[in-house]
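> Using only what follows, build the 3D model:
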Amino acid sequence: MTYCVGLLLNEGMVCLSDTRTNAGLDNISTYRKMFTFEEPGERVIVIMTAGSLSVSQTTIAQLREAIDDPEATGETSIMLAPTMLKVAEVVGDRLAAVRAEIDGKLAAAQQGATASMIVAGQRKGGAMRLFLIYPEGNFIEATEDTPFLQIGEHKYGKPILDRVVKPTTSLLDAQKAVLLSMDSTLRSNLSVGMPLDLCVIEKDACQVTMRRRIEAGDPGFRAMSEAWSKALRDGFTQIVI
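Okay, the predicted model is just below:
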């Protein structure tokens, strides 16, 4: 399992993902879950994945092949699609097709495979948009009322986002919010783990303006986690019933 979160704000977008795929006593695997596609100044697309690694990796590989295809069109390539809505449709169609193909191969063993994705991005002249793509290929979009989307083990990190994230939240505070959301998830679920991938896309930049890999033992992340734990303990002791 994994945990990925994306925020859509007035100032830009913030995306964060972990990299753990399998957690057990002697079987822990690490795979990147965040993928970026850029033509700086023209368009930027960030895709985060959760679920079956075979489904997500095959989908990303086929999306890359479509980009490199000399006969690619706006119907097949996310880098040629005329709108971010069309990008979401291309990703959704590809995800659904890969899932159906792999499900067919696993049917004899009475098994199935599924995956979901978050797509964030902007093209020159268009608005920033953030989508959650379901395994079936359909999707929903972040709005002012719900300016964040999550996939994977989302329940542990959702409360802080519900309480603090608004469209007017600054990009700096947004980074703090997603990192604390991840910290809560890391503490509560062993199937989510370090390292983390964080990226920021400033409004109208049409490129990733900040990316960061946070390794286990990162002093900044550890200090933030400890400060948050202390703030929660202090707040708890001050409440009177």
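
> Going along the chain, name the strands of this structure.
Remark: strands assigned in the chain by DSSP state E are 3-8, 12-17, 20-22, 29-30, 34-39, 43-51, 115-123, 129-133, 139-141, 148-152, 196-202, 210-214.

> by contact count, what packs against the shortest one?
It refers to strand 29-30. Under the contact criterion of 3 or more CB pairs under 8 Å, 6 or more residues apart in numbering; DSSP states H and E, strand 29-30 touches strand 20-22. No exception for glycine: its C-beta is placed from N, CA and C like everyone else's.

> Quick check: mean pLDDT of the strand it packs on?
For strand 20-22, mean pLDDT rounds to 74.

> Next one: V87 from D218, what distance?
32 Å (CB to CB, to the nearest Å).

> Please pull out the lowest mean pLDDT helix or strand from this protein.
Each helix and strand of the chain was given a mean pLDDT (mean pLDDT, DSSP states H and E); the minimum falls on strand 20-22 at a mean of 74.

> Tell me where this structure has helices.
Ranges of helices within the chain are 53-68, 84-106, 158-164, 171-188, 219-238, based on DSSP state H.

> mind putting these in TSV, mean neighbour count, mean pLDDT and distance to Y134 included?
Listed next are the helices of the chain as TSV, based on neighbours: other CB atoms under 10 Å; pLDDT from 0 to 100; distance: least, CB to CB, whole Å:
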stretch	mean neighbour count	mean pLDDT	distance to Y134
helix 53-68	18	96	12
helix 84-106	19	93	8
helix 158-164	14	97	18
helix 171-188	20	97	21
helix 219-238	11	96	31
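
> Select, out of those helices, the one closest to R123.
The closest of those to R123 is helix 84-106. By CB to CB, the value is 6.4 Å.

> What lies in contact with that closest one?
Contacts to helix 84-106, defined as CB atoms under 8 Å, 6 or more residues apart in numbering, come from residues 45, 47, 52, 54-55, 58-59, 62-63, 66, 74-78, 81, 112-115, 117, 119, 121-123, 126-129, 131, 133-139, 141.

> Likewise for stretch 203-213?
Against stretch 203-213 from outside (CB under 8 Å, 6+ apart): 10-12, 36, 38-44, 46, 122-124, 128, 195-202.

> ok, F139 touching F131?
Yes - counting by CB atoms under 8 Å, F139 does reach F131; the two are 4.8 Å apart.

> I'd like to know how far A127 sits from Q150.
For A127, the distance to Q150 - CB to CB - is 21 Å.

> ugh, wrong one, I meant E11
Distance from E11 to Q150, by CB to CB: 20 Å.

> and if you look at V164?
Per CB to CB, V164 is found 15 Å from Q150.

> Over to N138?
With CB to CB as the criterion, N138 and Q150 are 17 Å apart.

> try L186
Using CB to CB, one gets 14 Å for the distance from L186 to Q150.

> follow-up on the earlier one: adding distance to G6, write the helices of the chain out as a markdown table.
Compiled in a markdown table, these are given as follows (distance: least, CB to CB, whole Å):
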| stretch | distance to G6 |
| --- | --- |
| helix 53-68 | 16 |
| helix 84-106 | 13 |
| helix 158-164 | 11 |
| helix 171-188 | 9 |
| helix 219-238 | 19 |
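
> circling back to that earlier point, and A127 and Q150? which has more neighbours close in?
Q150 (22 against 11; other CB atoms under 10 Å).

> Which residue is the nearest non-sequential neighbour of that one?
V5 (4.8 Å; CB to CB, 6 or more residues apart in numbering).

> pretty sure that neighbour contacts E153?
No - taking contacts as CB under 8 Å, V5 lies outside contact range of E153: 10.6 Å.

> Just want to know which of the two has more residues nearby.
Neighbours were counted for V5 and for E153 using other CB under 10 Å; V5 has more, 27 against 21.
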